[in-house]
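Undergrad: Following is a predicted model, sequence given first.
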Amino acid sequence: MKTVRLILVASLILSLSLQGAVYKSRVNAQWSTDNTHFWYRNDLSGRKREFVLVNLGKGTRKAAFDHGQVAKALREAGVGGVEANRLPLDQLGFDLVKGLAFFRVKGSHFQLELKTHKLTKLKKSGEVPGYRRSEDNRSQRNRDRYRGYRAKRDVSPDGKWRAYIHEHNVYVRATVGDEKIQLSKDGKRDNVYQALYWAPNSNNLIAYRIEPSKISEVHLIESSPKGGGKAKLYTRRYALPGDKFTSHELNWFDIEKKLHVKPDVGVIDFHWPNMRWSPDGRTFTYRKVDRGHQRFRIIEVDTFTGKARNIIDEVSKTFIWTNHAKDYGVSRVTWLKKTKEIIYISEQDGWRHLYLVDVATGKQKQITKGEYVLRYVDKIDEEKRQIWFRASGRNSKQDPYLIHYYRVNFDGGGLTALTEGDGTHEVRYSPDRKYLIDTYSRIDMAPVNELRRVSDGGLVCKLEESDISELAASGWEAPEVFSAKGRDGETGIWGFICRPRDYDPKKKYPVLESMYAGPHDSYVPKRFSSSRRYASWTDMGFVVVKIDGMGTANRSKAFHDVCWKNLKDAGFPDRILWHKAVAKKYSWYDISRVGIYGGSAGGQSSTGALLFHPEFYKVAVSACGCHDNRMDKASWNEQWMGYPVGPHYSASSNIDNAHRLQGKLMLIVGELDKNVPPESTFRLADALIRANKEFELVVIPGGGHGDGGRYGDRKRKDFFRKYLQGIDSPNRNAVESSFRTETLKWTNLAQGSSPPRSLDGSATEIHFLNRMKKGVKIYWVNFGGGLKLYGKLAPGETRNQNTYSDAVWLVTDEEEKPLGYFRATRKVGKAVIPKR
């Protein structure tokens, strides 16, 4: 009985779900061991299911068997309660040569003749064919990709010597006997030797002489520590742009000759050196990134001659992306095992591409070429001299951020597109890698599944298209993808629009831009999601947009370079043109009321919108912002702003430009932010005060790097409602006043019944109190009748919730059985959940 009740409750909740189910969005193939076929199961609405068989040789997809005939045969075999669209099969397998299927039902094993549907009960499972899952396309994740001999240990590879540091200098001692050799004599307290690297020949040893530097310290004060007492001070090292870094002087030693050599390669004053010995121990190589990120080298040192040469030496007028780079699946530099070659990732021709480097000569041969961007390397096949990779932008008629899969030869020939559909793709390969299942989608298109050949990327057959009918019935709507030309009049700027549910095109709606423009990525989602993006905002009557402007990644180098020494730009000239293009198309898009919010780098940019573009942006909320790039981590800021620190840092500083503020600004900061020092926000506040500017400052005691949690979210929503919609927030400091509050009516729900839908109204609050002896769940019933879980209440617990008048709030028990509901009014409502 309990099971039946739970099923009924689950069905009710499912029917009300805000995120109605999406079916057939993914194919989980079970591949036969002989690579002739695979099968999969589709789970459908109403707990229905179907089994599908794909014959690889014939390129066909069909029902694995007649589901009705199988159900009938099972009932005749004494298996009760079997329905054709809910077959309870597991351990399924096929022998297509013999025309048989095997499966288990409720612990019993059966054999099915596929043509006649004759069913035979087996005493045991028998010889059921084995199956394998798809390869999930993980790349060669050997993180030690800088291949070669890299021993970093005290004892030499032959075990004869132990290297160590004594009184700041390098010594070796025989592991057998008492022989000891001092190799260096110039080590000092302030210039000690560290980091010992033995060569594989056990005769050569590398050591670095270190000149340490004093890194800046940052301080955090916890004003309200748990347990009370005095405030706590936390201090830690935190390198800032312009700080002097620890330098590393390269030294190598010949044990047999007792020789100490300082190669003429210069001091490494940025990044820890990444060493690699050649297998014979004659040469070693290391990477060198010049501070400021405008030169990248692979340097080789010959221990026989003492000479150094550059295998790779790339110089850029802007930046070379070496810090906070995306995961490309392989390192920027991948040493091949079988040949003296390197696969190198570079943007030197204006696009991120692959290069083949001859280690002996340093000559480079471009592997991939064209106006598209390498996104990920899945596999480097040295035997076939092929690379399997992902890229975006090669399909000129599609969104340039959509990811496709490719294969190419080391010599640049044989470039083969493995995917085709208009979407961003995810691929899983058959175990023999002759076929792939391609799942692609867009933010406005549910997933499509296809079977394709790996040899030429050709389509074998279509598998499934997602069923979102249940999701659509819940009131879900896809965001609208929108593109417009950027500041150059040629480059496409891409984003999306989320509009209010049941919006009226005859009305005008204020616009909120969710902002993040950190140059280390692009941020507009491309994959399908059944969630209602920005629902809490759109349900309040805002249009919400997200845009990738110039200065962000995953486009051309020129597109990316806009950020160079110019983070204040943040793509705003492109964003504003994008907004204007939307407004030109849609009269309901009100660009006289545009707000913007963001955190971290988005906090810097959202404040910058009011400083540098006040003619367009009117209201901003900035959380945990990096308001001056000189006050944030060196590793991130020097990558984009360069070195040394110069006037361009001040030009991009919100603090130095605080006097320019127009519009309405709210700053939110957590006092224990360990990412961006909170003093950045406090100094901006100080500059605004000195400039006699109006703004709001919200400090979250004990808060970290974020938007201030529930309190910060409420403050942000109140701020935008006030200045973009003209709606004042409730007086939360007078909630007990009888003329401002009222007790809301509790309406019990009969079993199997549904609560009414919410209606649109004005902003208010509802205060919940749980008087039940058990915990409950609180759901908002949206305008389409769907549910969104807002939290749980323990017995006796209270919760204050922002809402609208005429909004309906459903209460269920912990097992999600509906108990009753409240409907909010214009006044602050007391919602007392009664005892039971």
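TA: Thanks, I have it. Every value quoted in this text rests on a predicted model; they were computed, and no experiment measured them.

Undergrad: In this protein, mark out all the helices, start to finish.
TA: 2-16, 67-76, 469-473, 535-538, 557-561, 572-585, 601-612, 634-641, 647-651, 679-690, 709-720 (DSSP state H).

Undergrad: okay, the third one in PDB with CA atoms only?
TA: Listed in PDB are the C-alpha atoms of helix 469-473, where the atom choice follows Å, rounded to 0.1, in the frame of the first residue of the first chain:
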ATOM      1  CA  SER A 469       6.200  17.800 -24.600                       C
ATOM      2  CA  GLU A 470       5.800  17.300 -20.800                       C
ATOM      3  CA  LEU A 471       8.400  20.100 -20.200                       C
ATOM      4  CA  ALA A 472       6.600  22.500 -22.500                       C
ATOM      5  CA  ALA A 473       3.200  21.600 -20.900                       C
END
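
Undergrad: What residues sit buried inside it?
TA: Neighbour-count burial for helix 469-473, counted by 16 or more other Cβ atoms under 10 Å, picks out E470, L471. Heads up, the C-betas are built off the backbone N, CA and C, glycines and all.

Undergrad: before we move on, what about the second one?
TA: Across helix 67-76, burial judged by 16+ other Cβ under 10 Å covers H67, V70, A71, A73, L74.

Undergrad: Of these, which is the nearest to W321?
TA: H67 (53.7 Å; Cβ to Cβ).

Undergrad: Surely that closest one touches K48?
TA: No: if you go by Cβ atoms under 8 Å, H67 and K48 don't touch, sitting 9.9 Å apart.

Undergrad: and the buried residues of helix 67-76 as JSON lines, adding pLDDT and distance to A308?
TA: Output for the buried residues of helix 67-76, formatted as JSON lines (pLDDT from 0 to 100; distance: Cβ to Cβ, whole Å):
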{"residue": "H67", "pLDDT": "98", "distance to A308": "72"}
{"residue": "V70", "pLDDT": "97", "distance to A308": "73"}
{"residue": "A71", "pLDDT": "96", "distance to A308": "76"}
{"residue": "A73", "pLDDT": "96", "distance to A308": "78"}
{"residue": "L74", "pLDDT": "96", "distance to A308": "76"}
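
Undergrad: re earlier: joint contacts of H67 and K48?
TA: N85 (Cβ atoms under 8 Å, 6 or more residues apart in numbering).

Undergrad: Below-threshold pLDDT in the stretch 701-836 of the chain: ranges please.
TA: Along the stretch 701-836 of the chain, segments meeting pLDDT under 70 span 734-740, 751-753, 757-762, 783-785.

Undergrad: What segments of it are strands?
TA: For the stretch 701-836 of the chain, the strands defined by DSSP state E, counting those that start in this stretch occupy 741-743, 747-748, 763-770, 776-781, 787-793, 798-804, 808-813, 818-823, 828-833.

Undergrad: By residue count, tell me the biggest strand in the chain.
TA: strand 589-599 (DSSP state E).

Undergrad: can I have that one written out in PDB, keeping just the CAs?
TA: Listed in PDB are the C-alpha atoms of strand 589-599, where the atom choice follows Å, rounded to 0.1, in the frame of the first residue of the first chain:
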ATOM      1  CA  TYR A 589      12.500  45.500 -24.700                       C
ATOM      2  CA  ASP A 590      13.000  48.700 -22.700                       C
ATOM      3  CA  ILE A 591      16.600  50.000 -23.100                       C
ATOM      4  CA  SER A 592      15.700  53.100 -21.100                       C
ATOM      5  CA  ARG A 593      15.700  50.800 -18.000                       C
ATOM      6  CA  VAL A 594      18.800  48.600 -18.200                       C
ATOM      7  CA  GLY A 595      20.400  47.100 -15.100                       C
ATOM      8  CA  ILE A 596      23.500  45.000 -14.700                       C
ATOM      9  CA  TYR A 597      24.900  42.700 -12.100                       C
ATOM     10  CA  GLY A 598      27.900  40.400 -11.600                       C
ATOM     11  CA  GLY A 599      30.400  39.100  -9.100                       C
END
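
Undergrad: what about the strands in the stretch 151-300 of the chain?
TA: Using DSSP E, counting those that start in this stretch, strands in the stretch 151-300 of the chain cover 161-166, 169-174, 180-182, 192-198, 204-211, 217-222, 232-237, 247-254, 259-261, 275-277, 283-289, 295-302.

Undergrad: Rebuild these as a markdown table, extending it with mean neighbour count, mean pLDDT and distance to V427.
TA: Output for the strands of the stretch 151-300 of the chain, formatted as a markdown table (neighbours: other Cβ atoms under 10 Å; pLDDT from 0 to 100; distance: least, Cβ to Cβ, whole Å):
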| stretch | mean neighbour count | mean pLDDT | distance to V427 |
| --- | --- | --- | --- |
| strand 161-166 | 17 | 96 | 47 |
| strand 169-174 | 18 | 97 | 51 |
| strand 180-182 | 13 | 97 | 56 |
| strand 192-198 | 20 | 92 | 40 |
| strand 204-211 | 21 | 94 | 42 |
| strand 217-222 | 14 | 96 | 44 |
| strand 232-237 | 10 | 96 | 43 |
| strand 247-254 | 20 | 95 | 42 |
| strand 259-261 | 15 | 95 | 50 |
| strand 275-277 | 21 | 92 | 32 |
| strand 283-289 | 22 | 95 | 31 |
| strand 295-302 | 20 | 97 | 31 |
